[in-house]
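1. sequence first, predicted coordinates after that:
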Amino acid sequence: MAGLVCLSGLPGVGKSSVACALSDMSGAIWLCLDEIETAMRHSHMKTDDLADAGYAAAQVMAQAALRQGHWVISDCVNPIALTRTAWRKPAQSLGARHIDVWLTCSDLAQHKHRVDHRRSTIEGWQPADWASVQQRHFEPFDGADLIIDTAAQSPEHVAAEIFRHIQTT
């Protein structure tokens with residue numbers, strides 16, 4: 001059965017690293033919102049405010065992949081209840097599984113180091129700086145299926161924990 005794993009958390013907690021490792025481990029399709037929104041910004045469309053356009057595009061792609069029987073990983077900040085609810089709709093509409101994973105980094109020095117030293121393979125992508133991460137609104141995610149602190153774990157270890165959850169639930 002297909003399913004959607006939604007990785008949520010502040011920039012720099014390790015979502016993309018975990019998504020990459022989980023995709024390699026599971027064969028799931030990885031939808032990276034940074035990549036989608038960067039492509040939109042480099043298109044001919046006016047992109048002063050993408051609002052929810054990147055999320056909407058990714059959710060349509062997730063639904064199409066789910067319909068074809070694939071597992072999908074969404075990699076996005078997903079900061080508020082409204083966006084989290086929207087991510088459940090593609091899976092619910094098809095009777096597919098949905099797993100919410102909230103990634104955190106309890107070690108502020110390590111989190112800052114990650115943000116300050118991020119490298120990306122996405123051409124033209126501008127990562128958030130530490131000041132903007134600290135100011136970012138992120139509602140607590142009480143309804144998450146898994147809450148994982150990435151401070152003392154490798155992305156591969158976190159991905160393995162999520163993969164075990166997929167296999168056992």
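-> Thanks, I have the structure now.

2. and Thr121, how many neighbours?
-> By other C-beta atoms under 10 Å, 9 other residues sit near Thr121. (Glycine included, C-beta is placed from N, CA and C.)

3. now swap in Gln126 and tell me
-> Per other C-beta under 10 Å, the neighbour tally for Gln126 reads 10.

4. Ala109 too?
-> Applying other C-beta under 10 Å, I find that Ala109 has 9 neighbouring residues.

5. also Gly95?
-> Number of residues near Gly95 (other C-beta under 10 Å) recorded here: 9.

6. residues in contact with it?
-> Listed by C-beta atoms under 8 Å, 6 or more residues apart in numbering, the contact set of Gly95 is empty.

7. repeat for Val101
-> Val101 neighbours (C-beta under 8 Å, 6+ apart): Val5, Cys6, Leu7, Ser8, Ala144, Asp145, Leu146, Ile147, Ile148, Ile162.

8. just the buried members of these?
-> Val5, Cys6, Leu7, Ser8, Ala144, Asp145, Leu146, Ile148, Ile162 (16 or more other C-beta atoms under 10 Å).

9. can you tell me the SS state at the residue lying closest to the fourth one once chain neighbours are set aside?
-> Right, Ser8. Leaving aside its sequence neighbours, Ser8 sits nearest to Asn78 (C-beta to C-beta, 6 or more residues apart in numbering; 3.6 Å). Secondary structure assignment for Asn78 (DSSP: H, G, I helix; E, B strand; the rest coil): coil.

10. which pair in the contacts of Val101 spans the largest distance?
-> Farthest-apart pair in the contacts of Val101 is Val5 and Ile147; separation 13.9 Å (C-beta to C-beta).

11. now this structure, which segments are flagged as low pLDDT?
-> Scanning the chain for pLDDT under 70 picks out 45-51, 122, 124-125.

12. residue boundaries of the strands in it?
-> Applying DSSP state E to the chain gives strands spanning 3-8, 29-32, 72-75, 97-104, 146-149.
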